[in-house]
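1. with the input below, show me the fold.
(chains A and B)
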Number of protein chains: 2
Amino acid sequence: MTFASDIEIARAADMKPIGEIAAKLGIPEDALEQFGKSKAKIGADFVAGLKNRPNGKLVLVTAISPTPAGEGKTTTTVGLGDGLNRIGKRAAICLREPSLGPCFGVKGGAAGGGYAQVVPMEDINLHFTGDFHAITAAHNLLSAMIDNHIHWGNGLALDPRRVTWRRVMDMNDRALREIVCALGGVANGFPREGGFDITVASEVMAILCLATDLADLRRRLGNIVVGYTREKQPVTARDLKADGAMTVLLKDAIKPNLVQTLENNPAFIHGGPFANIAHGCNSVMATQTALKLADYVVTEAGFGADLGAEKFFDIKCRKAGLKPDAAVIVATVRALKMHGGVGRDALTQENVAAVTKGLENLGRHLRNVGQFGVPAVVAINRFVTDTDAEVEAIGRYCADYGVVAVPCTHWADGSKGTETLARKVVEIAEAGTAQFRLLYDDSMPLWEKVRTIARTIYGADDVIGDKVVRNHFRQYEDMGYGRLPVCMAKTQYSFSTDPNLKGAPTGHVVPVREVRLAAGAEFLVVVCGEIMTMPGLPRHPSAEIIEMDADGRIQGLF
Amino acid sequence: MTFASDIEIARAADMKPIGEIAAKLGIPEDALEQFGKSKAKIGADFVAGLKNRPNGKLVLVTAISPTPAGEGKTTTTVGLGDGLNRIGKRAAICLREPSLGPCFGVKGGAAGGGYAQVVPMEDINLHFTGDFHAITAAHNLLSAMIDNHIHWGNGLALDPRRVTWRRVMDMNDRALREIVCALGGVANGFPREGGFDITVASEVMAILCLATDLADLRRRLGNIVVGYTREKQPVTARDLKADGAMTVLLKDAIKPNLVQTLENNPAFIHGGPFANIAHGCNSVMATQTALKLADYVVTEAGFGADLGAEKFFDIKCRKAGLKPDAAVIVATVRALKMHGGVGRDALTQENVAAVTKGLENLGRHLRNVGQFGVPAVVAINRFVTDTDAEVEAIGRYCADYGVVAVPCTHWADGSKGTETLARKVVEIAEAGTAQFRLLYDDSMPLWEKVRTIARTIYGADDVIGDKVVRNHFRQYEDMGYGRLPVCMAKTQYSFSTDPNLKGAPTGHVVPVREVRLAAGAEFLVVVCGEIMTMPGLPRHPSAEIIEMDADGRIQGLF
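-> Model (predicted):
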């Protein structure tokens, strides 16, 4: 049995003009800013004019804790969107934009797979509509203005040792992680330590994705704390008068992008903050726009439900006033086997016992999502090697939680493979059983917020942190940031902070290493373990084999 | 008397859909890749299909040596294009894309001025169609692959001290000029000195602008020399297998961009290499495409004719096989006065003597252009403060060279102000008097090429360079680069290397400080004096006042 590759399927797509896709959502031609024939941004005036319309149903696609075996969250989001359209619902999906950096590192695009993809795949994976480049420019303009301010006399008395704002590049470049800049004499400024993160880790990315309009964007950009004076007083982007120009650089990037699935259904792909040091969801602007235009909006959040869903609920929904109607938790037999202790080389052999053991992981995610008052369905993203006995084991386990597990074959079959899932999602969403609630109130002390997440979601006994870290929490409260939500930065591979602890560990303790302020994004990043904000390239990066072939087609990118 | 500002005029523009503009040149709708309603890229297949058509007439707009008083080269290029259309010629203009960096430094856009502008001005000055961002990404991918290669074992034995390839950012950021990167331990690579240039100084920019198609682009990218081994053997981008992925990143950037003038005439704006360490002209792709579609193509080259026109002829025309039919040399009464010794505070007072003295500068540029066998016209870009006596002095002086000087008022009047100039240009071009010849043959030794330019164009007695520099010239010849043209990097303010020597100095000597290889761009950069490849921001950058106003319009950018 041979399969067409993702790129072959994507290239064979019968793409419709983007105007036709927009029309499915009632978006008129003159509200579209086209980028070629199959991509468009939605005009700001049109988006603003939707404000008083009712919202459609909001469905979150999340997953069990990821393993190298893969779960297929994006693929399932696309498949469910197509499935909902198939059964007659006006549905749109909302996804994150992929980052350029990883494209040239480890082979693989990020636009779904098989017969559940968004297209034009190559454009989406490369520069797309330029949003990430605009974010990079806005971020680095602020960086330049910081060193420029210091160079010309430092009227704000910013302590060069306490500059926390780094620079960004949409590239995997480990050599830029830690640098000393402004060397070379008087004309080049005051030497200091600095460094680059990848663009998706930029606070500007998180801000763009949480802003509700251009005015909110500017307000948030102005609030960015770039560093501190010797007396530890914060200095903001507004103090540097950088917020206006940054907003100008982002005036188009904030507009949602519209593309289509292989089945010609509307897909918003907009924004892509890191799922560790940021909240890992597509933009509020895209989700809100989609909710005004579609009866069903299917969106995803990064990593497993312990991180992705928790942040989606506690950060994005809290800030944007969104109320999800249902959640889909994606699992694969292969990944459950890995949670049950099977190695990568034995994933294709039937092993019901391992699947059953691994279901502990799914179970905790189910409980967790339930705590937010959001009813769930489990989507089993089927592989050809999965046996019926394995799939049935998942079904039985979920039934004990009162949850249905639906096998899906969208990768091979497109919307035909998610029809049952779609019907189940509609049933739940229209039953109106969702009673969305946040995990903690704004008023809870910051440390308690972390403890609440660790105990309730991670199954930990407690959180620990040394005196310095605990003091930082108090300092941020003293500075007036105590009402912000916390954004947990922890390994995605385990409920604990040890990536090797699969399944559903208990009795562990979550060590908090550091807390970072994202005053513009309006959350505090709580760092538990090593968090990489600038990836490196592997020994043989996929860039080495990427090229245009003689027919002008891209090879090696996917 | 009050004038509308450039931005006010631009906003009041009656822009036509870009499809209508394209139709004027016979470009069908399906060859357009639209970016919104008023910008488009021209599809690669359509461009490739033009190959066997005859060329239109090519007109270069250049200028006297620039002064702080301004000459208006871009404005005159736009005005002449409109003027040619006004008198019934099918004309297109070709300009460079502006860089983002300077927009946020010193106030001022770069899309013409008054009633001779290209629109949409704000888009053109901001991200436009993303070309510069793509160039930045392609450049920095190569940078990342260099350090990654060293990190993973350095199979090519690249000497980290001899890496010549830097990184780029489209931003004025002096703190990045000189850095030490890869600090922070084993995981971050081998520490070494590095730095950033502004994107317009990237060799990738020069390559994109000289490439004749995608295959030529890839060939040139592969030829880039990124550094040397301990044994001084060159290491190329091809050795690092970076050329394929870089080409993929540039697949859209290489397509010419089409916009329009205020009078709805077609304008190609594509590429923008620095005029000092690169050749300072828009892309060959844009110029060649325009020549196939229009009867007249008006283009410009950076700085004064000693640098801009010389490089346009000896680098761009040499490489692309272009044969200019006429040149327009732009002069202003104010700038001539400055060349004649008048300070900035006295420019509005009539001073025929100073104008006459300053005409020496124009005279040498006229002689120089004549040496290339290209017939010239002088365009006097009139200001309201210019007196008739001053303008007449210019006319008399030019008559001695057998050249007509035409007063133009396009800034205030649009094409009405360049009608006479347009008629004169047509007269010259259609007389067929042009006998274009290069200043030197490929086979001339490199040092002789520099000497030829210095003596013939700059009026210098000789060139000098210490033993180290002379050895570098020989080494590049030994390496097989002896047949490349030289790209002079010298102050634009004087024929000499002393920016304060206005007029037409003689008897000076040109000291060559350094020679740099641009193996992909296929020229050698000969550095004569301080050349800044990463600008800084001023004490009060215009970024501080740039913002979106309540009506969603950009303020402070222009």
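
2. could you say what helices and strands the helix-or-strand element of chain A with minimal mean pLDDT packs with?
-> When each helix and strand of chain A is scored by mean pLDDT, DSSP states H and E, helix A:6-11 comes last, with a mean of 83. In terms of contacts (3 or more C-beta pairs under 8 Å, 6 or more residues apart in numbering or on different chains; DSSP states H and E), helix A:6-11 is packed against strand A:116-119, helix A:121-125. (Each C-beta comes from the backbone N, C-alpha and C, glycine too.)

3. what helices or strands is the longest one leaning on?
-> Read that as helix A:121-125. helix A:6-11.

4. the same query, at a cut-off of 10 Å, please.
-> helix A:6-11, helix A:100-103, strand A:112-113, strand A:257-261, strand A:554-555 (3 or more C-beta pairs under 10 Å, 6 or more residues apart in numbering or on different chains; DSSP states H and E).

5. ok and the residue in the stretch 151-300 of chain A nearest chain B?
-> residue A:244 (2.9 Å; C-beta to the nearest C-beta).

6. over to that residue: give its phi and psi.
-> phi -70, psi -50 (degrees, to the nearest 10).

7. host element of residue A:172?
-> Following DSSP states H and E, there is no helix or strand that holds residue A:172.

8. ok, now which ones touch it?
-> Residues counted as contacts of residue A:172 (C-beta atoms under 10 Å, 6 or more residues apart in numbering or on different chains) are A:99-106, A:198, A:534-538, A:541, A:543, B:141, B:144-145, B:148.

9. so what does residue A:283 look like in phi/psi?
-> Taking degrees, to the nearest 10 as the convention, residue A:283 sits at phi -70, psi 150.

10. return the residues in contact with it.
-> A:94, A:96-97, A:131, A:205, A:208-212, A:253-257, A:268-273, A:289, A:316, A:320.

11. check those one by one and keep those near chain B.
-> A:131, A:253 (C-beta under 10 Å from any C-beta of the partner chain).

12. among the contacts of residue A:283, which are located in strands?
-> Among the contacts of residue A:283, the ones falling in strands (DSSP state E) are A:94, A:257, A:268-269.

13. all helices of the stretch 201-350 of chain A, in order?
-> For the stretch 201-350 of chain A, the helices defined by DSSP state H, counting those that start in this stretch occupy A:203-210, A:214-223, A:243-249, A:284-293, A:308-311, A:318-320, A:333-339.

14. between the ones you listed, which gets nearest to residue B:492?
-> helix A:243-249 (27.8 Å; C-beta to C-beta).

15. same for that closest one, what does it pack against?
-> helix A:131-151, helix A:203-210, helix A:214-223, helix B:100-103, strand B:547-548, strand B:554-555.

16. can you rerun that using 7 Å?
-> With contacts taken as 3 or more C-beta pairs under 7 Å, 6 or more residues apart in numbering or on different chains; DSSP states H and E, helix A:243-249 sits against helix A:131-151, helix A:214-223, strand B:547-548.

17. reformat the ones you listed as a markdown table; add mean pLDDT.
-> Converted to a markdown table, the helices and strands packed on helix A:243-249 look like this (pLDDT from 0 to 100):
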| stretch | mean pLDDT |
| --- | --- |
| helix A:131-151 | 98 |
| helix A:214-223 | 97 |
| strand B:547-548 | 92 |
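
18. got a markdown table for those, with mean neighbour count and distance to residue A:448 too?
-> Converted to a markdown table, these look like this (neighbours: other C-beta atoms under 10 Å in any protein chain shown; distance: least, C-beta to C-beta, whole Å):
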| stretch | mean neighbour count | distance to residue A:448 |
| --- | --- | --- |
| helix A:131-151 | 26 | 32 |
| helix A:214-223 | 20 | 24 |
| strand B:547-548 | 20 | 39 |
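
19. got these as TSV, with distance to residue B:126 columns?
-> Output for the helices and strands packed on helix A:243-249, formatted as TSV (distance: least, C-beta to C-beta, whole Å):
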stretch	distance to residue B:126
helix A:131-151	8
helix A:214-223	15
strand B:547-548	12
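
20. nearest to residue B:64, out of these?
-> Using C-beta to C-beta, the helices and strands packed on helix A:243-249 put helix A:131-151 closest to residue B:64, at 33.0 Å.

21. and the helix or strand following the closest one, how far from the chain's centre?
-> Next along the chain after helix A:131-151, taking DSSP H and E as the criterion, comes strand A:158-163. Remark: strand A:158-163 is offset 31 Å from the chain centroid, using C-alpha atoms, centre = their mean, to the nearest Å.

22. please apply the same query to stretch A:382-391.
-> That offset, for stretch A:382-391, works out to 29 Å (C-alpha atoms, centre = their mean).

23. of the contacts of residue A:172, keep whichever come out buried.
-> Buried by 16 or more other C-beta atoms under 10 Å in any protein chain shown: A:99-105, A:198, A:534-537, A:541, A:543, B:141, B:144-145, B:148, out of these.

24. mind listing what the residue nearest to the residue of the stretch 151-300 of chain A closest to chain B when sequence neighbours are not counted touches?
-> With sequence-adjacent residues excluded and distances taken as C-beta to C-beta, 6 or more residues apart in numbering or on different chains, residue A:244 is closest to residue B:547, at 2.9 Å. Shown in contact with residue B:547 (C-beta atoms under 7 Å, 6 or more residues apart in numbering or on different chains): A:244, A:247-248, B:555-556.

25. buried subset of these as a ChimeraX selection?
-> Those of the contacts of residue B:547 that count as buried under 16+ other C-beta under 10 Å are selected in ChimeraX with:
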select /A:244,247,248 /B:556
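
26. just put the contacts of residue B:547 in JSON lines and tack on pLDDT and distance to residue B:435.
-> Listed next are the contacts of residue B:547 as JSON lines, based on pLDDT from 0 to 100; distance: C-beta to C-beta, whole Å:
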{"residue": "A:244", "pLDDT": "97", "distance to residue B:435": "54"}
{"residue": "A:247", "pLDDT": "98", "distance to residue B:435": "54"}
{"residue": "A:248", "pLDDT": "97", "distance to residue B:435": "49"}
{"residue": "B:555", "pLDDT": "89", "distance to residue B:435": "51"}
{"residue": "B:556", "pLDDT": "86", "distance to residue B:435": "49"}
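
27. any idea which of the contacts of residue B:547 is closest to residue B:166?
-> Checking the contacts of residue B:547 one by one against residue B:166 (C-beta to C-beta), the nearest turns out to be residue A:248, at 28.0 Å.

28. mind telling me which of the helices and strands packed on helix A:6-11 the model trusts least?
-> Looking at those, the lowest mean pLDDT belongs to helix A:121-125 (a mean of 92).

29. now it, how far from the centre of its chain.
-> On C-alpha atoms, centre = their mean, the centre of helix A:121-125 falls 18 Å from the chain's centre.

30. any low-confidence regions in the stretch 301-450 of chain A?
-> Applying pLDDT under 70 to the stretch 301-450 of chain A flags no residue at all.

31. can you list the domains in chain A?
-> The record's domain parsing of chain A by automatic domain parsing lists A:6-129+A:253-431, A:131-247, A:446-528.

32. which one of the helices and strands packed on helix A:121-125 lies closest to residue A:227?
-> helix A:100-103 (25.5 Å).

33. then that closest one to CSV, C-alphas only?
-> Extracted C-alpha coordinates of helix A:100-103, given in CSV (Å, rounded to 0.1, in the frame of the first residue of the first chain):
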residue,chain,number,x,y,z
LEU,A,100,9.8,29.6,9.2
GLY,A,101,12.6,28.5,11.5
PRO,A,102,11.5,24.8,12.0
CYS,A,103,10.8,24.4,8.2
